[in-house]
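Participant: Structure of the sequence below:
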Amino acid sequence: MSSSYVISMPELDRLSIPEKQTKLFVSDEQIFRELRNEHRRIADAESPAQRGDYVLVETDDGHGVKKKLHIELGGRAYPDYVKALIGCVPGQELRLNANGRDITARVVSVCRPVEYPLTDESIAELCIPEAADLAAYRRKYLDEHGDEIMGRVFRAIQPGLIDQVLDMSEIHLDPKELDDYNAMQLVMVGNISGNADERLMKAYGNGEKTPEECKQLFFNENRRIFSMYVWGRDLAKLRGAEPTEADTKQALGYYCLMFEKTEEEADLDTALMSYYLQYGIGAIREYYKSITSFSAVGIESYSLRS
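Facilitator: Numbering: from 1, shown residues only. Next comes the predicted model:
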C-alpha cells in the first residue's frame, strides 16, 4: 500500500481560469480557410499586375534563346522578372536585365486568384451536409474542430492549472517513495540520453548552474509530477475508476520501453503511475472542456456536443 496520499481533495470548480481562456473566439478566417483554399479559382486580372498575381511571359535574350515563363509575382523565383512585371498588362513588351543579360519580355496574360464568396447562397450551392448556410457551417466547424482548438488552449494553460490543483490539495508524500521515483526518472533519462548528468546539465544548467543545482531542479520537477500522480491516483479511487486492460497494457508498454525491461520484470504498480498521472490531467481537461464555450461571427456562445 502506498504511504503517499491526498489529505484534502479540492473541487475543480475552485480553479481560477480567466474568461478569455474559457470563452474562445474563432475567426471566419480560420473557419473558412480550408473551404476558400479548395474553391479558389484563377481568372484574368482586370487591372495591372500586382503581388500575388500570375504572369505568363514570352522571353527573348536576343541570341536565339526564347522561353515561356509562368511567374508568381511575390514568389521567390525569378526576382529580376518580378520587379519588372509589377504593374504590367497583357500585350505589353518590356526590357529587363536578368542574371546580367538583357531580356525582352512580352506579357501574354495576367491572372489573379479569386476568393470564393462567403454568402448563404454560395454555401448552400456546395450541398455540404448540416451546413446549409454560413451560420450552420460555422457551427459544423466548431463541432468538428472545437475539441482540437480547446485542446491547444488547454495544453498552453495546463502547467498553471496543475499548479493550482496541487496548491489547493493537501498531499502527504512519503520521502522514500519520492526518492525512489526520482531515482527511477534518473534511470530513464540515462536510458534515453546515455549520460544522465550531461542531459541534466543541458536541460537545467544553461552553462550557469552546477551539477548539484541541476539535480535539485530535476528533483523539484519530479516532486511536482509525483504529487500529480498521487492526486490522480486518489481521485481515480474516489471516483471508482480502474485502469482497463488496454490502459494497463499501454502503461506496461511505456514502462518497459523507458526502463528497458520486459513485462515479466516490470512492477505493475510502478508502471501504472503513468496511467494515474494522465488520469489526473484528463480530469482537469474534462472540467476545463465543461466550462469552455466558443463564439464566432453571429454566434455568441456555443458549447461542444457531448
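
Participant: now the stretch 1-150 of the chain, which segments are flagged as low pLDDT?
Facilitator: 1 (pLDDT under 70).

Participant: tell me which element the residue nearest the centre of the chain is part of?
Facilitator: Nearest to the mean C-alpha position of the chain, by CA atoms, centre = their mean, lies Arg152 at 5.6 Å. Per DSSP states H and E: Arg152 is located in helix 134-168.

Participant: Tell me the helices and strands packed up against that helix.
Facilitator: Identification of packing neighbours for helix 134-168 by 3 or more CB pairs under 8 Å, 6 or more residues apart in numbering; DSSP states H and E yields strand 23-25, helix 28-31, helix 120-125, helix 211-239, helix 273-291, strand 293-296, strand 299-302. All C-beta spots, glycine's among them, are computed from the backbone N, C-alpha and C.

Participant: Looking at those, which is nearest to Arg51?
Facilitator: helix 28-31 (19.3 Å; CB to CB).

Participant: now the strands for the stretch 1-150 of the chain?
Facilitator: Along the stretch 1-150 of the chain, the segments classed as strands by DSSP state E, counting those that start in this stretch run 5-8, 23-25, 41-44, 54-60, 66-72, 93-98, 101-114.

Participant: for those, which one ends up most surrounded?
Facilitator: Among the strands of the stretch 1-150 of the chain, ranked by average contacts under mean count of other CB atoms under 10 Å, first place goes to strand 54-60 (a mean of 18).

Participant: Now do that strand: distance to the chain's middle.
Facilitator: Computed by CA atoms, centre = their mean, to the nearest Å, the separation of strand 54-60 from the middle of its chain amounts to 41 Å.

Participant: Can you tell me the strand partners of it and which way each runs?
Facilitator: Taking DSSP bridges as the criterion, strand 54-60 forms sheet pairs with strand 66-72 (antiparallel), strand 101-114 (antiparallel).

Participant: Name the residues that touch that strand?
Facilitator: 42, 49, 66-73, 81, 85, 88, 103-112 (CB atoms under 8 Å, 6 or more residues apart in numbering).

Participant: wait, isn't Met184 in contact with Met258?
Facilitator: No - with contact defined as CB atoms under 8 Å, Met184 and Met258 do not form a contacting pair (9.2 Å).

Participant: where's Arg155 relative to Leu161, distance?
Facilitator: Here Arg155 is placed at a distance of 11 Å from Leu161 (CB to CB, to the nearest Å).

Participant: more neighbours, these two?
Facilitator: Higher neighbour count among Arg155 and Leu161: Leu161, with 20 against 10, using other CB atoms under 10 Å.

Participant: mind listing what the more buried one touches?
Facilitator: With CB under 8 Å, 6+ apart, Leu161 has these contacts: 15, 17, 284, 288.

Participant: Check Gly74 too.
Facilitator: Listed by CB under 8 Å, 6+ apart, the contact set of Gly74 reads 51-52, 82.

Participant: ok, 10 Å please
Facilitator: 50-53, 82, 86 (CB atoms under 10 Å, 6 or more residues apart in numbering).

Participant: That one and Ala246: what is the separation?
Facilitator: 51 Å.

Participant: So what are the structural domains in the chain, by residue number?
Facilitator: 5-31+125-302, 41-114 (automatic domain parsing).

Participant: first to last residue in the longest one, what's the distance?
Facilitator: Using CA to CA, to the nearest Å, the end-to-end distance of domain 5-31+125-302 comes to 39 Å.

Participant: Can you get me a residue count around Pro159?
Facilitator: Pro159, neighbours per other CB under 10 Å, totals 10.

Participant: if I pick it, what's in contact with it?
Facilitator: Taking CB under 10 Å, 6+ apart, one finds Arg224 in contact with Pro159.
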